[in-house]
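Chemist: What follows is a predicted structure for the sequence shown.
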Amino acid sequence: LLRARLAVRRSWNMKSSEAWWLAMAGGKGKLCIADLYRGINPTLLGILPYAGIAFFTRDSLNQLAAKHYHTSSLHTPLAAKMASGAVAGLIAQS
């Protein structure tokens with residue numbers, strides 16, 4: 001939101017730091033700490049599904065690798081853990 005405000009108001013005749021504070025305050029002239037966290041809920045709602053899918057996939061693949069190597073998931077070879085993390089990231093991104 002701040003980036004959009006600064007992009008729209010290119011014609012300000014003030015220092016960049018003053019323009020930044022005015023944009024942060026939304027043109028109200030005062031800045032509240034709560035304004036800094038205004039976009040936290042949509043951000044978290046966007047992150048949670050990705051993180052859930054990534055962790056579930058990684059743990060599932062780690063368990064499959066542990067069964068394949070006949071070890072516990074703590075003693076699975078590093079290459080298998082890295083591969084399961086890479087695949088989990090690919091799946092979560094798509």
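Modeler: Perfect, I can see it now.
Chemist: Spit out the contact partners of Lys81.
Modeler: Asn62, Ala65 (Cβ atoms under 8 Å, 6 or more residues apart in numbering). Placement of C-beta: from N, CA and C, glycine included.
Chemist: continuing past the helix or strand harbouring Asn62, what's the next helix or strand?
Modeler: Element membership for Asn62, per DSSP states H and E: helix 40-69. As assigned by DSSP H and E, the chain's next helix or strand after helix 40-69 is helix 78-93.
Chemist: how far off helix 40-69 does that next one point, in degrees?
Modeler: 140 degrees (axes from the mean of the first three to the mean of the last three Cα atoms, to 10 degrees).
Chemist: Helix 78-93: which residues count as buried?
Modeler: Ala80, Lys81, Ser84, Ala88, Ala92 (16 or more other Cβ atoms under 10 Å).
Chemist: Need those residues in JSON lines (columns: distance to Pro49).
Modeler: JSON lines is the format used below for those (distance: Cβ to Cβ, whole Å):
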{"residue": "Ala80", "distance to Pro49": "26"}
{"residue": "Lys81", "distance to Pro49": "23"}
{"residue": "Ser84", "distance to Pro49": "19"}
{"residue": "Ala88", "distance to Pro49": "14"}
{"residue": "Ala92", "distance to Pro49": "9"}
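Chemist: Counting by contacts, list what the helix holding Asn62 packs against.
Modeler: Judged by 3 or more Cβ pairs under 8 Å, 6 or more residues apart in numbering; DSSP states H and E, helix 40-69 is in contact with helix 78-93.
Chemist: for the buried residues of helix 78-93, which one is nearest Ile53?
Modeler: Ala92 (4.4 Å; Cβ to Cβ).
Chemist: is it true that the closest one touches Ala54?
Modeler: Yes. With contact defined as Cβ atoms under 8 Å, Ala92 reaches Ala54; the gap is 3.9 Å.
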